[in-house]
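S.K.: Provided below are the primary sequence and the corresponding predicted coordinates.
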Amino acid sequence: MPLSRRVPKRGFTNIFRKEYSAVNLARLAKVTKNEIKPKDLVKAGIIKKEAERVKILGQGDISSPKTIHAHKFSVSAQKKIEDAGGKTVLIGS
């Protein structure tokens, strides 16, 4: 029997998958700038590359009003940012 028939075939790899780097609000609170973009996250050491897609998650609290630019926001993160007087800006990609 050929090798291709003997080897088990499992799973599926989606070649169109979009991966996001998850960033919690607790880590964003440590950045001192009022307007946070992906290049600022790279400088702070939160993400590795500016080209990465970023999703902001709602774990932690943010006290000062900040404008945050990201590719996605969780519902809880968006609510906490707006409650603190900040603004969320979606980056289109």
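M.R.: Perfect, I can see it now.

S.K.: what's the spacing between the nearest residue to residue 29 once chain neighbours are set aside and residue 81?
M.R.: Distance criterion Cβ to Cβ, 6 or more residues apart in numbering; nearest residue to residue 29, sequence neighbours excluded, is residue 62 at 5.0 Å. In short, each C-beta sits where N, CA and C put it, glycine included. Using Cβ to Cβ, to the nearest Å, residue 62 is found at 6 Å from residue 81.

S.K.: before we move on, back to that, so for the residue nearest to residue 29, what's the pLDDT?
M.R.: Looking at residue 62, its pLDDT is 90.

S.K.: next one: residue 31
M.R.: On the pLDDT scale, residue 31 gets 88.

S.K.: now residue 2
M.R.: Residue 2 carries a pLDDT value of 92.

S.K.: okay, now it: neighbour count?
M.R.: 6 (other Cβ atoms under 10 Å).

S.K.: repeat for the one 4 residues further on
M.R.: Here the number of neighbours of residue 6 (other Cβ under 10 Å) works out to 7.

S.K.: that older thread, and the residue nearest to residue 29, what does it touch?
M.R.: Listed by Cβ atoms under 8 Å, 6 or more residues apart in numbering, the contact set of residue 62 reads 25, 28, 29, 80, 81, 84, 86.

S.K.: just checking, the last one touches residue 67?
M.R.: Yes. In this structure residue 86 lies within contact range of residue 67 using Cβ atoms under 8 Å: 6.2 Å.

S.K.: the two: which has the busier surroundings?
M.R.: Counted by other Cβ under 10 Å, residue 86 and residue 67 do not tie: residue 86 has more neighbours, with 19 against 14.

S.K.: quick one: residues contacting that one.
M.R.: Residues in contact with residue 86 (Cβ under 8 Å, 6+ apart) are 62, 64, 65, 66, 67, 68.

S.K.: go on, residue 77?
M.R.: Residue 77 makes contact with 25, 56, 57, 58, 88 under the criterion Cβ under 8 Å, 6+ apart.

S.K.: which element is it on?
M.R.: helix 75-83 (DSSP states H and E).
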